[in-house]
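*Asks:* Predicted model and sequence follow; I will ask about them next.
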Amino acid sequence: MVYSNLQQGEDEKHLLEQIAGGDERAFSIIMNRYANRIYSYLIYWLKQPELAEEILQDIFTSLWKYRDNITGIDNFPGYIFVITRNRAKAALKQQMLGSQPINPDHLYKLTYGQTGQQELESKELMEILQRGIDQLPARRKEVFFLSRKEDLTYEEIAQRLGISRSAVRQHIVEALVFLRHYLKKNAGIIISILAGFVR
């Protein structure tokens, strides 16, 4: 079924119903449809690619987390715009106050500079995270690995894999949304102990 050939309103209503039922493919379609628009808006106001990408990820993470209520949204484009605008305003306010949101990628840095129980908890969390990474589709896992473990830029990854920068960003966003959900589901008490970066 080619979703782009459907009427936009009916199409999105159907997709939202599927998302509410836990359909990850429908969620991916919605992400593909709105990610670039949201990112462009955030970049326009924030001028910080990493912060824009983090907020983009948070928006979709929240959308998936509260998917049970998603079918009650009558105007989804307007809903997404309001959320994005509010998140941009909040980020600008944080910048003015000198505080920055916590980057979830700090997961990769948790195992350094810790001792005792914290180190054991971090190690266990990293093992759970790795199991989640192993469940990513092959290309998404490859992109995530190049970005987070080899520390390549989106441009470098795009050149190496022969894909666009926006495709790289989309893979990263979807990987992080999945991993946040996976960690919350599987890490249990460890998340609350090491809390902050997966909320």
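*Replies:* Arrived safely. Numbers count the residues shown, from 1 in each chain.
*Asks:* So the residue most central in space within the chain: helix, strand or coil?
*Replies:* Centroid-nearest residue in the chain, with Cα atoms, centre = their mean: Q57, separated by 2.8 Å. Local secondary structure at Q57 is given as helix here, using DSSP: H, G, I helix; E, B strand; the rest coil.
*Asks:* Work out for me the element the spatially closest residue to it that is not a sequence neighbour sits within.
*Replies:* The spatially closest residue to Q57, leaving aside those adjacent along the chain, is L176, at 4.8 Å (Cβ to Cβ, 6 or more residues apart in numbering). Backbone N, C-alpha and C define where each C-beta goes, glycine included. Assignment of secondary structure by DSSP states H and E places L176 within helix 165-186.
*Asks:* so what does that helix touch, helix or strand wise?
*Replies:* Using 3 or more Cβ pairs under 8 Å, 6 or more residues apart in numbering; DSSP states H and E as the contact criterion, the neighbours of helix 165-186 among helices and strands are helix 24-46, helix 49-65, helix 116-134, helix 138-148, helix 154-161.
*Asks:* The fourth one: which residues count as buried?
*Replies:* Residues 140, 143-144, 146-148 are the ones in helix 138-148 that count as buried (16 or more other Cβ atoms under 10 Å).
*Asks:* Can you get me a residue count around L179?
*Replies:* The tally of other residues near L179 (other Cβ atoms under 10 Å) stands at 22.
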